[in-house]
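K.L.:
Build me a model from this:
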Amino acid sequence: MVVRRYRFVQVDVFTRRPFGGNQLAVFPEAEGLSDAEMQQIAAEMNYSESTFVFPPDDPTADARVRIFTPGMELPFAGHPVVGTGYVLGLERGARALTFQLGVGPLKVTSDPGDGRVGSARMEQPLPSFRPAEADRSTLAEIVGLAPEDVFEASPPEIGSAGVPFLYLPVRSLDAIGRVRPNPDAMSRFFGDDDHPAVYIFTTETESPEASAHARMFSLLLGKDVREDPATGGASGPFGAYLVRHGLRPPGRLLLEQGYEMGRPSQIEVEIALRDGKISQVAVGGGVVMMAEGELLV
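P.N.:
As a prediction, the model looks like this:
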C-alpha cells in the first residue's frame, strides 16, 4: 500500500492568544488529493473548515484555495481565508497574496509578527441583503428565545458575501446567552438552503471597545446544530449591516464572538462608504500558529 504524506498547519484565527478564536487546518501543498479525499480529510480534522492549497488556474492569482467543512465544500469563508493568508504569507515571505476562490479572486495581506502570533486581513466581496420573511415568533423559535427577546428596532435580514446568513438582532447579552437553537425550527425556516446558518447579535458588548457581540450557528446535514467561535464570512456583511442601519458609523469595527464557547474571538471589520453606499469591506484579525504535522492518506 502506497502511503501519501500531506503536511498541514493548524492555526487559531481571530485571536492573539493560543486556544482562542476559530481553529483551522491548512494543507499548503494539496496537489494529488481528490475532491472525495479532501472531504474525508475535513471530516477527519473536524474543524469548522479546512483549506487545501493548489497552484492557481487564474494567472492573476498566487494560489487556489479550496475550503471544506466536515460536510461540504464552500465557495468562500472568512476565517479560512484569513488563516491561510497568514500561513502562506509566512511560508512564502509575501505580505500580499491573491487567492483564487469559488467566489473569484480575493486579496489577502498579512503581518508575520514574531512567526508564532501575527495577523492577516482580507478584502471581501460587497454584500447583498434581503428581508427575512418571517414573524418574530418564528425567528425566536429558531434560536430558542421568546418573541420579546428579538429586537424590533433592527430588521432581521439575509445577507451574503458569497455564503448567506440570517442576521437576527436580540435585545441584550442576557438574551444572546440564553440562545438554544432548535434544529427542527431551523429546518423549517431554511428549507433546502445550501447553507442554513443564523448569526445572532446584540449591540451590548463585553468589552467597551467592541461594536457588537455575536454568536453563529449552522445546521449540518439537516439535524446537527454547530456553533462557530468566529465567523469571518458573516462578519463583513454584518459590519455593512451595522453601518447601513445607522447602528455604527463607517470605519473600523470590532466584533466579539466565541465567548460563550470559551474561545473568545475579536474580529476586525472595516467598512468604507462612497456616495452614501458601501464601497469596501475588509475583515481581519490575529492568527496564532498552534501545530504542524503530516496526514497519511
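K.L.:
low pLDDT regions in the chain?
P.N.:
Low-confidence regions of the chain, defined by pLDDT under 70, span residues 221-223.
K.L.:
How far off centre is the helix ranked longest in the chain?
P.N.:
Longest helix in the chain by number of residues (criterion: DSSP state H): helix 78-92. Relative to its chain's centre, helix 78-92 lies at 14 Å (CA atoms, centre = their mean, to the nearest Å).
K.L.:
So for it, what gets flagged as buried?
P.N.:
78-90 (16 or more other CB atoms under 10 Å). Every residue, glycine included, has its C-beta placed from N, CA and C.
K.L.:
which residues touch the closest residue to residue 285 other than its chain neighbours?
P.N.:
Computed as CB to CB, 6 or more residues apart in numbering, the closest residue to residue 285 that is not its neighbour in sequence is residue 14, at 4.0 Å. Neighbouring residues of residue 14 by CB atoms under 8 Å, 6 or more residues apart in numbering: 20-22, 79, 82, 230, 232, 257-258, 265-267, 285-287.
K.L.:
Over to residue 100?
P.N.:
Taking CB under 8 Å, 6+ apart as the definition, contacts of residue 100 comprise 56, 57, 58, 61, 63, 64, 65.
K.L.:
what's the angle from the helix or strand hosting it to helix 78-92?
P.N.:
Under the criterion DSSP states H and E, the helix or strand holding residue 100 is strand 96-101. Interaxial angle, strand 96-101 versus helix 78-92 (axes from the mean of the first three to the mean of the last three CA atoms, to 10 degrees): 130 degrees.
K.L.:
which is the next helix or strand following strand 96-101?
P.N.:
Following strand 96-101 in sequence order, the next helix or strand is strand 104-111 (DSSP H and E).
K.L.:
before we move on, the earlier item: can you redo the buried residues of helix 78-92 as JSON lines with distance to residue 297?
P.N.:
Converted to JSON lines, those look like this (distance: CB to CB, whole Å):
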{"residue": "78", "distance to residue 297": "27"}
{"residue": "79", "distance to residue 297": "24"}
{"residue": "80", "distance to residue 297": "20"}
{"residue": "81", "distance to residue 297": "24"}
{"residue": "82", "distance to residue 297": "26"}
{"residue": "83", "distance to residue 297": "22"}
{"residue": "84", "distance to residue 297": "20"}
{"residue": "85", "distance to residue 297": "25"}
{"residue": "86", "distance to residue 297": "25"}
{"residue": "87", "distance to residue 297": "20"}
{"residue": "88", "distance to residue 297": "21"}
{"residue": "89", "distance to residue 297": "26"}
{"residue": "90", "distance to residue 297": "24"}
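K.L.:
quick one: which of the residues you listed is nearest residue 281?
P.N.:
Relative to residue 281, the closest of the buried residues of helix 78-92 is residue 78; by CB to CB it sits at 10.7 Å.
K.L.:
Isn't that closest one up against residue 235?
P.N.:
Yes. Counting by CB atoms under 8 Å, residue 78 touches residue 235, with 6.1 Å between them.
K.L.:
Would you mind listing the residues touching both of those two?
P.N.:
residue 283.
K.L.:
What strands flank the strand ranked longest in the chain, and is each parallel or antiparallel?
P.N.:
Criterion DSSP state E: the longest strand present in the chain is strand 277-296. Within its sheet, strand 277-296 is paired with strand 5-13 (antiparallel), strand 117-124 (antiparallel), strand 265-274 (antiparallel), according to DSSP bridges.
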